[in-house]
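Let me see the structure of the following:
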Amino acid sequence: QVQLVESGGELVQPGGSLRLSCAASGFTLDRHVIGWFRQAPGKEREGVSCISSYVGSVDYGDSVKGRFTISRDNAKNTVYLQMNTLEPEDTAIYYCAAKSAPSKECTVQPREYDVWGQGTQVTVQG
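Model prediction:
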């Protein structure tokens, strides 16, 4: 069974850091494009970051560039999202997703992704 499971979300103070994990089962992560997305209450789902299959090209949403870093550990079949200098505006449910077709590039457009995790809550509050 193909499955993605996110973890690592919690309550953190502004300026703090968190690392989210996206663990895959039933398929090999580095053969697929993996994206991170977030959705705050009353807002549309927003693309945060992505990493392409094989070569590992990355991209970021404008609101997180310079603060968030995506990475992949092939041995653990896990993709990470390191989030630094967190702001209250980063509060949201964070989802990881996989795109079925492999690609050397990636986009942070939600409609491109086929398999989604259940999400993990990140709350940035003083």
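
So for the closest residue to residue 49 other than its chain neighbours, what pLDDT did the model give?
Nearest non-adjacent residue to residue 49, counting by Cβ to Cβ, 6 or more residues apart in numbering: residue 70, 4.2 Å away. C-betas here are computed from N, CA, C, even on glycine. The per-residue pLDDT reported for residue 70 equals 98.

Please put the alpha-carbon coordinates of the strand or helix carrying residue 70 into CSV.
Residue 70 belongs to strand 68-73 when assigned by DSSP states H and E. Only the C-alpha atoms of strand 68-73 are listed here, as CSV (Å, rounded to 0.1, in the frame of the first residue of the first chain):
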residue,chain,number,x,y,z
PHE,A,68,13.0,26.5,4.7
THR,A,69,15.1,23.7,3.3
ILE,A,70,13.9,20.5,1.8
SER,A,71,16.1,17.4,1.8
ARG,A,72,15.9,13.6,1.2
ASP,A,73,17.4,10.6,2.9
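
Tell me the buried residues in that strand?
By 16 or more other Cβ atoms under 10 Å, the buried positions in strand 68-73 come out as 68, 70, 72.

Contacts only, for the nearest residue to the first one once chain neighbours are set aside.
This means residue 68. Spatial nearest neighbour of residue 68, chain neighbours left out: residue 83 (5.1 Å); criterion: Cβ to Cβ, 6+ apart. In this structure, residue 83 makes contact with 17-20, 64, 67-68, 90, 122, judged by Cβ atoms under 8 Å, 6 or more residues apart in numbering.

picking up where we left off before, closest to residue 39 among the buried residues of strand 68-73?
residue 68 (15.8 Å; Cβ to Cβ).
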